[in-house]
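Chemist: Here is the input, now give the coordinates:
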Amino acid sequence: MAENIQDAVTELVAYALKTGLIEHEDIIYAVNCVIRELRLDTYEGDEAAVSDCAQKISDKELGDGTWLEKTLKVMDDYACANGICESDSVVYRDLFDTRLMGVLTPRPSEVIRRFRQLYREDPQKATDFYYVFARDTDYIRRYRISKDLKWVTQTPYGDLDITINLSKPEKDPKAIAAARNAKQSGYPKCQLCRENEGYAGRVDHPARENHRVIPVTIQNSQWGFQYSPYVYYNEHCIVFNSQHIPMKIEHGTFCKLFDFVKQFPHYFVGSNADLPIVGGSILSHDHFQGGHYEFAMAKAPVTRKFAVKGFEDVKAGIVKWPMSVIRLSGPDTARIIALADVVLTKWRSYTDEAVFIFAETDGTPHNTITPIARKRGKDYELDLVLRNNITTTEHPLGVFHPHAQLHHIKKENIGLIEVMGLAVLPARLKEEMATLKKAILDGTDIRSDPEIEKHADWVETFSKKYDHIDAGNIDKILQDEIGEVFMHVLEDAGVYKQTQEGQRAFDRFTQTLA
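Modeler: Predicted coordinates for the structure are as follows:
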């Protein structure tokens with residue numbers, strides 16, 4: 001690997017050649033673009049040096065991103081040491097190395113043309129190409145995502161995916177101060193707007209020079225298709241309205257979800273709910289999330305079927321899941337959508353005081369739905385997750401939200417991804433679990449350590465379940481117990497509880513649909 005900046009230039013351009021971001025005829029041009037960003041006047045190599053270097057990059061280095069990571073580090077170090085970066089921090093390094101990758105990334109029209117050529121052959125070929133492209137441009141930083149801690153926990157509802165998210169870089173104090181003092185900009189309006197494509201970024205907004213968006217038409221309107229830079233699951237994609245308009249769950253939402261699934265039948269797609277607490281982190285911009293992955297909720301069976309008068313041709317049932325899910329399925333999406341409209345309309349205005357479900361209080365609406373669409377064989381499916389965002393003095397963050405005794409693990413909102421069975425847990429848990437592990441093995445007082453005292457009641461409770469806890473089993477125990485906490489998080493978020501009373505109340509609601 002590179003020992004100096006000249007070697008690093010060779011290696012970066014070689015990487016672009018190897019991945020197909022550039023062709024052989026582009027080498028000199030690409031080199032000059034890179035040295036311009038590095039404020040260098042000369043390049044000591046040549047085309048042959050770049051070509052030879054490209055041949056030496058192994059498939060492993062290419063696949064896991066380690067070649068690119070090491071090369072960019074040399075360049076970031078150089079930029080920080082020579083005043084090109086305003087400060088030596090992850091924020092400024094990201095802004096700089098994204099600019100470097102941007103000069104090597106093909107223009108949007110080229111990427112769109114290639115995507116559409118492949119789409120005509122097979123939609124999956126097109127998404128395969130685009131996903132690899134998003135990784136190769138470093139828009140998806142593989143070497144960071146590989147640091148995420150991931151495991152699976154078996155539960156009565158199926159295997160839940162657990163992730164401790166370490167791939168989002170934390171801002172250092174200087175960057176935070178700079179962002180606070182910077183002139184506020186309304187461009188782009190948010191991180192989902194189309195105007196992010198090619199944007200240089202700022203301390204309070206990520207650089208996107210290496211980002212390319214695929215235009216798609218959904219229900220005769222223009223949308224964008226891209227991948228999430230954090231990739232919480234395989235081919236985690238985002239489908240966003242070309243207009244900066246707020247999210248809304250309505251008839252048109254169901255139509256759009258199925259329109260996307262028909263264009264990309266190997267992908268599922270879903271929408272966050274449209275109310276605070278139970279919605280996503282960006283409610284101001286209409287968007288969906290999807291991907292090439294089967295979550296535990298999608299695998300969960302229907303436990304109780306029911307029929308709705310006038311919709312006997314649509315299969316309907318309650319899913320075995322900690323949250324409250326109605327699954328509709330059949331070959332005709334128009335019929336599924338028509339029944340979904342009935343469910344949504346009824347749920348918006350539905351109150352059942354016996355189980356503390358209120359459609360509204362003081363004019364504030366509480367009921368909404370998180371919908372997820374997919375194709376299964378010849379049939380289409382639409383999962384409708386019933387949500388309610390009411391708060392009380394006892395539960396100020398939400399009655400149907402993780403309760404206080406679970407906040408030591410998960411306090412954040414339960415959005416679409418969590419609803420489907422993937423826990424996205426805060427980065428703090430990595431260090432806290434390491435400290436907790438040592439305290440348990442050493443037999444020290446957990447309550448005396450400010451970092452982990454919040455976990456003390458939890459440890460006391462689960463320790464009783466095991467004959468012994470030692471160095472050989474503690475990692476598995478902690479993972480399983482975190483997974484169980486997430487299961488209870490989902491149960492808290494369910495409007496109908498997993499009790500006889502709760503399930504009878506669920507049945508009362510489905511009976512009103514007839």
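Chemist: List of residues touching the helix ranked longest in the chain?
Modeler: Assignment by DSSP state H gives helix 474-493 as the longest helix of the chain. For helix 474-493, the surrounding residues in contact (Cβ atoms under 8 Å, 6 or more residues apart in numbering) are 151-155, 157, 160, 162, 278, 321-323, 387, 400-403, 406, 409-410, 414, 418-419, 421, 423, 425, 429, 433, 436-437, 440-441, 458, 462, 466, 469, 497-498. Where you see a C-beta, it was placed from the backbone N, CA and C, and this is true even at glycine.
Chemist: from the residues you listed, which ones fall inside strands?
Modeler: 151, 152, 153, 154, 155, 160, 162, 387, 423, 425 (DSSP state E).
Chemist: Separate out the buried members of those residues.
Modeler: 153, 155, 160, 162, 387, 423, 425 (16 or more other Cβ atoms under 10 Å).
Chemist: Among those, list the two that are farthest apart in space.
Modeler: Spatially, the most separated pair among those is 153 and 387, at 23.5 Å (Cβ to Cβ).
Chemist: Give me the buried subset of the contacts of helix 474-493.
Modeler: Looks like the contacts of helix 474-493 have 153, 155, 157, 160, 162, 278, 321-323, 387, 400-403, 406, 409-410, 414, 418-419, 421, 423, 425, 429, 433, 436-437, 440, 458, 462, 469, 497-498 buried, using 16+ other Cβ under 10 Å.
Chemist: Restricted to helices, list those.
Modeler: Applying DSSP H to these, the entries found in helices are 418, 419, 429, 433, 436, 437, 440, 458, 462.
Chemist: now, which of these sits nearest residue 345?
Modeler: residue 419 (21.1 Å).
Chemist: For residue 393, what are phi and psi?
Modeler: phi -60, psi -40 (degrees, to the nearest 10).
Chemist: just residue 318 next, same as before
Modeler: According to degrees, to the nearest 10, residue 318 has phi -100, psi 130.
Chemist: so it sits right up against residue 328, yeah?
Modeler: No - with contact defined as Cβ atoms under 8 Å, residue 318 does not reach residue 328; the gap is 11.3 Å.
Chemist: Of the two, which one has the most company?
Modeler: residue 328 (27 against 20; other Cβ atoms under 10 Å).
Chemist: Using just helix, strand and coil, how would you label the more buried one?
Modeler: State at residue 328, reduced to three classes by DSSP: H, G, I helix; E, B strand; the rest coil: strand.
Chemist: Now do residue 176, the pLDDT please.
Modeler: Residue 176 is assigned 51 on the pLDDT scale.
Chemist: for residue 168, same thing?
Modeler: 72.
Chemist: Show me the beta-bridge partners of residue 374.
Modeler: According to DSSP bridges, the partner residues bridging residue 374 are residue 381.
Chemist: Quick one: residues contacting it.
Modeler: Counting by Cβ under 8 Å, 6+ apart, residue 374 has contacts 261, 268, 269, 298, 380, 381.
Chemist: Tell me if I'm right that the third one and residue 373 touch.
Modeler: So the one you mean is residue 269. Yes - counting by Cβ under 8 Å, residue 373 is a contact partner of residue 269 at 5.7 Å.
Chemist: Of the two, which one has the most company?
Modeler: residue 373 (29 against 25).
Chemist: Next, the contact list for that one, please.
Modeler: Per Cβ under 8 Å, 6+ apart, neighbours of residue 373: 254, 257, 258, 260, 261, 268, 269, 270, 380, 381, 382, 383.
Chemist: run the last query once more with 7 Å
Modeler: 257, 258, 261, 268, 269, 270, 380, 381, 382 (Cβ atoms under 7 Å, 6 or more residues apart in numbering).
Chemist: Could you report the neighbour count for the closest residue in space to residue 510 that isn't next to it in sequence?
Modeler: Excluding the flanking residues, the one nearest residue 510 by Cβ to Cβ, 6 or more residues apart in numbering is residue 306, at 4.9 Å. Residue 306 has 15 neighbouring residues, counting by other Cβ under 10 Å.
Chemist: Residue 306 reaches residue 317, doesn't it?
Modeler: Yes - using Cβ atoms under 7 Å, residue 306 is in contact with residue 317, at 6.5 Å.
Chemist: Report the distance from stretch 194-214 to the chain centre.
Modeler: Distance, stretch centre to chain centre, for stretch 194-214: 18 Å (Cα atoms, centre = their mean, to the nearest Å).
Chemist: I'd say residue 372 and residue 268 touch.
Modeler: Yes - applying Cβ under 7 Å, one finds residue 372 in contact with residue 268, separated by 6.2 Å.
Chemist: now, which of the buried ones among the ones in strands among the contacts of helix 474-493 sits nearest residue 39?
Modeler: Scanning those for proximity to residue 39, where the rule is Cβ to Cβ, the winner is residue 425, at 41.5 Å.
Chemist: bridging residues for the closest one?
Modeler: With DSSP bridges as the rule, residue 425 is bridged to residue 164.
Chemist: Report the contact partners of it.
Modeler: Contact analysis of residue 425 by Cβ under 7 Å, 6+ apart lists 162, 163, 164, 165, 409, 410.
Chemist: Could you find the lowest-pLDDT member of those residues?
Modeler: Among the contacts of residue 425, residue 165 has the lowest pLDDT, at 91.
Chemist: What distance do you get for that residue to residue 428?
Modeler: 10 Å (Cβ to Cβ, to the nearest Å).
Chemist: Check the gap between residue 406 and residue 75 for me.
Modeler: Applying Cβ to Cβ to residue 406 and residue 75 gives a distance of 43 Å.
Chemist: cool, residue 147 as well?
Modeler: 21 Å.
Chemist: and what of residue 447?
Modeler: Here the distance between residue 447 and residue 75 works out to 47 Å (Cβ to Cβ).
Chemist: ok, those two, which is more surrounded?
Modeler: residue 75 (23 against 15).
Chemist: okay, that one: pLDDT?
Modeler: 98.
Chemist: Secondary structure of it: a helix, I assume?
Modeler: Yes - counting by three-state DSSP, residue 75 is part of a helix.
Chemist: quick one, what contacts the nearest residue to it once chain neighbours are set aside?
Modeler: Among residues not flanking residue 75 along the chain, residue 8 sits closest, at 5.3 Å (Cβ to Cβ, 6+ apart). Contacts for residue 8 (Cβ under 7 Å, 6+ apart) come out as 2, 71, 74, 75.
Chemist: Test my guess that the last one contacts residue 100.
Modeler: Yes - with contact defined as Cβ under 7 Å, residue 75 reaches residue 100; the gap is 6.2 Å.
Chemist: what touches both of these two?
Modeler: residue 12.
Chemist: tell me how far stretch 372-384 is from the chain's mean position?
Modeler: 21 Å.
Chemist: quick one: average confidence on it?
Modeler: On average, stretch 372-384 scores 98.
Chemist: now the host helix or strand of residue 347: mean pLDDT?
Modeler: Following DSSP states H and E, one finds residue 347 within helix 333-348. Computed over helix 333-348, the mean pLDDT rounds to 98.
Chemist: go on, stretch 153-161?
Modeler: Rounded mean pLDDT across stretch 153-161 is 98.
Chemist: Could you do stretch 356-364 as well?
Modeler: Here the average pLDDT along stretch 356-364 is 97.
Chemist: now do stretch 500-509
Modeler: 98.
Chemist: what's near enough to touch residue 337?
Modeler: Contacts of residue 337 by Cβ under 7 Å, 6+ apart are 254, 255, 258.
Chemist: Likewise for residue 264?
Modeler: Contacts of residue 264 (Cβ under 7 Å, 6+ apart): 123, 127.
Chemist: Could you check the pLDDT of it?
Modeler: Looking at residue 264, the pLDDT reads 98.
Chemist: Residue 282 too?
Modeler: On the pLDDT scale, residue 282 gets 86.
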